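S.K.: task: produce atomic coordinates for the following.
(3 chains)
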Amino acid sequence: MPELPEVETTVRGIAPHVEGQVIRQVVIRQPQLRWPVPVNLPEILPNLTIRSVSRRAKYLLISTDAGTIILHLGMSGSLRILPKEKPADKHDHIDFIFNNGTILRYNDPRRFGAVLWTTSSPAGHDLLKDLGPEPLSSDFDGMHLYRLSRNRKAPIKSFVMDGHVVVGVGNIYANEALFMAGIHPKRHAGRIALARYQLLADCIKTVLHSAIEQGGTTLRNFVNEAGNPGYFKQQLRVYGRAGQPCPHCLRPLTEIRVTNRSTVFCVNCQH
DNA sequence: TTAATCACCTGAGGGC
DNA sequence: TGCCCTCAGGTGATTA
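M.R.: All right, here's what the predicted structure looks like:
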């Protein structure tokens, strides 16, 4: 399930293969994703050169001179580079075929992802314009969280997972960062002091940096651009470890639901 | 305005 | 072995 580190890993992986390449053909096998894939992509994209591959939140932005492909991996999506034509597997929904024969293939079993096209600045797109800061940027710090959280009664875990507050903190990394910061996931966001928010912001950055270095998290069906799994799961300290000993105090980790999301924490270490 | 819930979708895993 | 059911989860839309 791609979270920000997985998307970043994907961006870094595919960029060297597609930047500067000219699109020869687009094959859409399944247009019904989260939103319908624009049916005219096969007419629009051929002969356009990929200028850059970047990321905003969990959206991949593949830029050309005529516009930008906005791509989201959803819950189960992946992109991989194929050096030459290969028969499509199940759930291989879209191929971007380049003049040099390379194929960028989009696979998404659950079809929660999206492939869209915009000719305007992607930053102004409806999906991107109201998003919060990037967690690894200097715009994101404890003061930012503290300011936005005043008078908020939502659980801190829901608060940090809100893309209007900060982007890219999904369920796995919210669990990990809150454990690292020693904050109870159900604590009201508005009742956390600035010093604890400064610690939490640092923990979010640390967890995400570490995951990116490891190449993302391997859960179920995440694979990177080469079809290899990430390795961060081996370093998860609480997520998926309910009932196992807390890495700090050795008491059993507890699993609860916070706004309908699986949440694992230590009742002894997190307050 | 805020918080919670729903909907989308399919594969994995457990129970029988 | 096979069928059925539940769960997992990102995020926009909807509801309270």
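S.K.: any idea which element A:R51 lies in?
M.R.: Secondary-structure element containing A:R51, defined by DSSP states H and E: strand A:50-56.
S.K.: and that strand, what does it pack against?
M.R.: helix A:4-18, strand A:59-64 (3 or more Cβ pairs under 8 Å, 6 or more residues apart in numbering; DSSP states H and E). C-beta: built from backbone N, CA, C; applies to glycine.
S.K.: in terms of mean pLDDT, which of the ones you listed ranks lowest?
M.R.: The minimum mean pLDDT among those belongs to helix A:4-18 (a mean of 89).
S.K.: the next helix-or-strand element following it vs strand A:50-56, what angle?
M.R.: Sequence-wise, the next helix or strand downstream of helix A:4-18 (DSSP H and E) is strand A:23-28. For strand A:23-28 against strand A:50-56, the angle by axes from the mean of the first three to the mean of the last three Cα atoms, to 10 degrees is 50 degrees.
S.K.: please spell out which residues along strand A:23-28 are buried.
M.R.: Across strand A:23-28, burial judged by 16 or more other Cβ atoms under 10 Å covers A:23-24, A:26, A:28.
S.K.: what residues does it touch?
M.R.: Contacts to strand A:23-28, defined as Cβ atoms under 8 Å, 6 or more residues apart in numbering, come from residues A:37, A:39, A:41-42, A:45-50, A:64, A:93-99.
S.K.: sorry, back to before: out of the helices and strands packed on strand A:50-56, nearest to DNA strand C?
M.R.: For the helices and strands packed on strand A:50-56, the distance to DNA strand C is smallest for strand A:59-64, at 7.2 Å, taking Cβ to the nearest atom of the strand.
S.K.: listing partners with orientation, what would you give for the closest one?
M.R.: strand A:50-56 (antiparallel), strand A:68-72 (antiparallel) (DSSP bridges).
S.K.: quick one: the last one near DNA strand B?
M.R.: No: using Cβ under 7 Å from any atom of the strand, strand A:68-72 stays clear of DNA strand B, coming no nearer than 11.6 Å.
S.K.: can I assume A:T263 sits in a strand?
M.R.: Yes: per DSSP: H, G, I helix; E, B strand; the rest coil, A:T263 lies within a strand segment.
S.K.: how many neighbouring residues does it have?
M.R.: When neighbours are defined as other Cβ atoms under 10 Å, A:T263 has 23 of them.
S.K.: name the stretch among the strands paired with strand A:59-64 that sits most buried.
M.R.: Comparing the strands paired with strand A:59-64 by mean neighbour count (mean count of other Cβ atoms under 10 Å), strand A:68-72 comes out on top with a mean of 23.
S.K.: show the subsequent helix or strand relative to that one.
M.R.: By DSSP H and E, the next helix or strand past strand A:68-72 is strand A:78-82.
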